[in-house]
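[1] 3D model of this:
(2 chains)
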Number of protein chains: 2
Amino acid sequence: MSNDEFVKEITNIDEDFAQWYTDIVRKAELADYTDTKGCIAIRPYGYAIWENIQSYADKKFKEAGVKNAYFPVLIPESLLEKEKDHVEGFAPEVAWVTEAGGEKLDEKLCIRPTSETIINTLYSKWLKSWKDLPFVYNQWCNVMRWEKETRPFLRSREFLWQEGHTIHETPEEAKERTIQMLEIYADVVENFLAIPVLKGLKTETEKFAGAEETYTIETMTYDGKALQSGTSHYFGQNFTVPFDVKFQNRDGKPEFAYETSWGISTRLIGGLIMAHGDNRGLKLPPKVAPVQVIIIPIAMHKEGVKEKAEGIFNSLKDKYRMDIDLRDKVSPGYKFNDCEMKGIPLRIEIGPRDIEEGKCVLVRRDNQEKISVDLAEIDERIGELLDSIQNDMFNVCKERMEKKTTVAHNLDEFKANLDKEQGFIKAMFCGDPECEAKIKELTSAKSRCIPFVKESVDDKCVCCGRAAKDLVVWARQY
Amino acid sequence: MSNDEFVKEITNIDEDFAQWYTDIVRKAELADYTDTKGCIAIRPYGYAIWENIQSYADKKFKEAGVKNAYFPVLIPESLLEKEKDHVEGFAPEVAWVTEAGGEKLDEKLCIRPTSETIINTLYSKWLKSWKDLPFVYNQWCNVMRWEKETRPFLRSREFLWQEGHTIHETPEEAKERTIQMLEIYADVVENFLAIPVLKGLKTETEKFAGAEETYTIETMTYDGKALQSGTSHYFGQNFTVPFDVKFQNRDGKPEFAYETSWGISTRLIGGLIMAHGDNRGLKLPPKVAPVQVIIIPIAMHKEGVKEKAEGIFNSLKDKYRMDIDLRDKVSPGYKFNDCEMKGIPLRIEIGPRDIEEGKCVLVRRDNQEKISVDLAEIDERIGELLDSIQNDMFNVCKERMEKKTTVAHNLDEFKANLDKEQGFIKAMFCGDPECEAKIKELTSAKSRCIPFVKESVDDKCVCCGRAAKDLVVWARQY
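    Below you'll find the model as predicted:
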């Protein structure tokens, strides 16, 4: 089977990106649909990616003083209702348990869409004095939001995530933690997943239900749309007052604590696919790839080939995440296509002539470059190449994000830019939610954030022409 | 505060073991009750124990070829009903989602009590040929069983566990996997948690709903009762037939796969408390302890003490899981009690006189032994002592289990043994479920298992006097 034939198995990325995405999810065996509508099964290859993300992020969290804990998956209705904005935001999309153990329940229980409410009831019990603070707790768990339209990883009714919930003695300390965790998310996405992020503050319209401030990291997909990839919220006392989370402060007086929450989810796997993939399939940055290097022997039936390939595998397997494809019913070409579909960053091809010359061929997944390497230098060269691939993949995305970011001074320009090509649009904003609603209605673009790096491209609002407050980045989203 | 005063804070272990258990769970900050009835919150200290268990077990699983994946938390009613014994066993204790996204659902969905049903629908899609086999997948997740009476960790409506589900080409291979995983569980519990196990086969009455065979590891609590600590099931084709999980076999004919499942849960944390704890609190084996060694400076206000303690902490912290208690508002005695309640295996006491002499005092949590150690040898001595503590804790439990295991030849003896002291009873069994029911009714003891190590103490059934088939171990249970 030639590469061309193989490509036909998946939709062309430039023809129908949405269908291409779904094809990759299934052909690379990342996830599958299930009999539970709107919920996916994450297959071992997809889950191995999630485990690597978890492992990297959890280490960073722990270095930042975060402790893991676990809270109930079910939340009584009365708790969900305690914070007005929160219940308005989440109640319409929760799933309710109304019967259990053969009986109808007195009070229905929702499956957590997020856990602020139940966690605050426990913080209220545990917190006594300023000396107990801060609580910097996190849980890795499943959550459920009954979305109407779903898409594997990006918008699934059930998804896996981590939700950190912290309480502090002062607003300053809580705000500092909000930013600290956003910076960790930026590190995960940029340095581990090789996807550049735009960091900033959400507008009033787009902030989390119940938050004072929501910070976000936004990434750009191959087709120029935005993906909200992680958020960190400052709540002030919005939850601690209704949930009575108070402490004796340094003056001996009762005071309500200041709170944050922050989360990243399996959506990041969708982000990985959409940022890096191509017509050959998935493309994984080496740091997150479950398999970093695969060995494919050529003419495996010839004497000594299999043994040599296995020897190389054994000499490298403690240093890199390695695999070797020894299937004897399929051709090397089929194996090449297979490991390209799975996005394995580097493959080693080795056949009889290579062995004679003491060489092998390394092939990069990111740019298809073939490099002939002396077997004596293979370990060193693999290390260098994996670093290069990681960096180059980041840079490809960064250049795309820069190229597809334009400026608009008025709504006509805004629409014209988007009609020409999907991308991020920098435009000034007066801060009025009505302008934001109008922009969304006319362009289908939503505000992504007010970037941390301040900038000005005009002094008037792109929508109403009144005095502008901030530069906002806008885009259509997944 | 003296040790005696501190002890008063928890119920005496020999007076009311159940209340002692609950006291430990709360005073050692392992878990707490929540507003969701029957569901606990696992606090950071308790969760750190779970993370250590996960990390040890997951490594063993992966060495045994297990791959992690994730399946939906909600299971449609029609799927649960496909296997007759399974639905009879689980339907009475599930929680049902009947409304979601603001609408009543056409078909109600249960929160997984276990995932055989949903996983088999996916195996049915993924399996084509014998060449695809085996599937050796596992998920770490939450499950829900609506128990009437709950107890933290031991029997909670929601709990965390791992459930492995494998399918194979032959019954032999599946049975081998069933035993292999049970042996890994025995390794986790014996070598990591320092609790001896009894391994064996469950009787027909006690096997898992839908299984052909259920294997178990049983541990003994401080008060001589049994705790089922891990199970591994062989299903044959019980699920693969109704769920149509078939493959093309080596003869080119369709054949249903042979299946296993196996699980351990946060119940193990309850097992740890009940096997090792005492009147001073929790007692953790070093391998699973979140903090293995804690440094408590004496006369911390004296010049150089705090610095020396911190120096020791820094020199050891990369090798052992260390903590240092530098609180200045509480006395060393209070700190001793605190770290004993938390079950920290080893503490280092260091004061001005120790520093002068170039020494410190190590105190073992398991037997209160105090050992004076040269500071120059501290690293080595800690290593040795942690090993000794791990071994000694295992041996204490092993001796208890041996001492509290008795033999009964008839029901009078059976009852007399249990009336004298709770423990395991070895007695012969004819295999008739009616005898088993009668024993349970008369003695409140249930069969634990038919041990792997075959033994015979009589040739007649302890209950009916007919010919005995197997020696069964019986006990009252948690």
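[2] when you work out contacts or count neighbours from here on, use the C-alpha atoms and nothing else.
    Will do.
[3] so how far is the helix ranked longest in chain A from its chain's centroid?
    Under DSSP state H, the helix in chain A containing the largest number of residues is helix A:378-403. How far helix A:378-403 lies from its chain's middle: 19 Å, per CA atoms, centre = their mean, to the nearest Å.
[4] any idea which helix or strand comes after that helix?
    strand A:405-407 (DSSP states H and E).
[5] and that next one, what other elements does it pack with?
    strand A:424-429 (3 or more CA pairs under 8 Å, 6 or more residues apart in numbering or on different chains; DSSP states H and E).
[6] pairing partners for the strand it packs on, with directions?
    Here strand A:424-429 is paired, per DSSP bridges, with strand A:405-407 (parallel), strand A:470-475 (antiparallel).
[7] show me which residues of the stretch 101-250 of chain A sit near chain B.
    When proximity is defined by CA under 8 Å from any CA of the partner chain, the stretch 101-250 of chain A lies next to chain B at A:101-102, A:118, A:121-122, A:137, A:141, A:145-147, A:158.
[8] give me the ChimeraX select line for those residues, limited to the buried ones.
    A single ChimeraX command is used to select the members of these judged buried by 16 or more other CA atoms under 10 Å in any protein chain shown:
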select /A:101,118,121,122,137,141,145,146,147,158
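[9] quick check, nearest of the residues of the stretch 101-250 of chain A next to chain B to B:Tyr185?
    Closest approach between those and B:Tyr185, by CA to CA: A:Cys141, at 23.8 Å.
[10] identify the residues contacting that closest one.
    For A:Cys141, the contact set (CA atoms under 8 Å, 6 or more residues apart in numbering or on different chains) comprises A:160-163, B:141.
[11] now the phi/psi pair for it, please.
    The phi/psi pair for A:Cys141 (degrees, to the nearest 10) reads phi -160, psi -180.
[12] any idea what it is bridged to?
    Once the bridges are assigned, which here means DSSP bridges, A:Cys141 pairs with A:Trp161.
[13] most surrounded residue in the contacts of A:Cys141?
    Per-residue neighbour counts (other CA atoms under 10 Å in any protein chain shown) across these peak at A:Glu163, which has 23 neighbours.
[14] neighbours of the residue of the stretch 351-478 of chain A found nearest chain B, just the number please.
    In the stretch 351-478 of chain A, the residue that lies nearest chain B is A:Tyr478 (20.3 Å; CA to the nearest CA). By other CA under 10 Å, the residues close to A:Tyr478 number 15.
[15] distance of the residue nearest to it when sequence neighbours are not counted from chain B?
    Once flanking residues are discounted, A:Tyr478 sits nearest to A:Leu227: 5.6 Å by CA to CA, 6 or more residues apart in numbering or on different chains. Going from A:Leu227 to chain B by CA to the nearest CA, to the nearest Å gives 23 Å.
[16] please apply the same query to A:Thr34.
    According to CA to the nearest CA, A:Thr34 stands 7 Å off from chain B.
[17] do I have it right that that residue meets B:Ser124?
    No - the pair A:Thr34 / B:Ser124 is not scored as a contact, 11.2 Å apart, by CA atoms under 8 Å.
[18] and the strands in the stretch 101-250 of chain A?
    Under the criterion DSSP state E, counting those that start in this stretch, strands of the stretch 101-250 of chain A are mapped to A:103-111, A:135-144, A:158-168, A:198-201, A:213-220, A:226-236, A:246-248.
[19] got a list of contacts for the fifth one?
    So the one you mean is strand A:213-220. Contact with strand A:213-220 is made by A:178-179, A:182, A:185-186, A:195-202, A:204, A:207-208, A:226-235, A:271, A:275, A:397, A:401, A:423, A:448-449, as judged by CA under 8 Å, 6+ apart.
[20] partner strands of that strand, with direction?
    Going by DSSP bridges, the partners of strand A:213-220 are strand A:198-201 (antiparallel), strand A:226-236 (antiparallel).
[21] report the angle between it and helix A:378-403.
    Using axes from the mean of the first three to the mean of the last three CA atoms, to 10 degrees, the direction of strand A:213-220 lies 110 degrees away from that of helix A:378-403.
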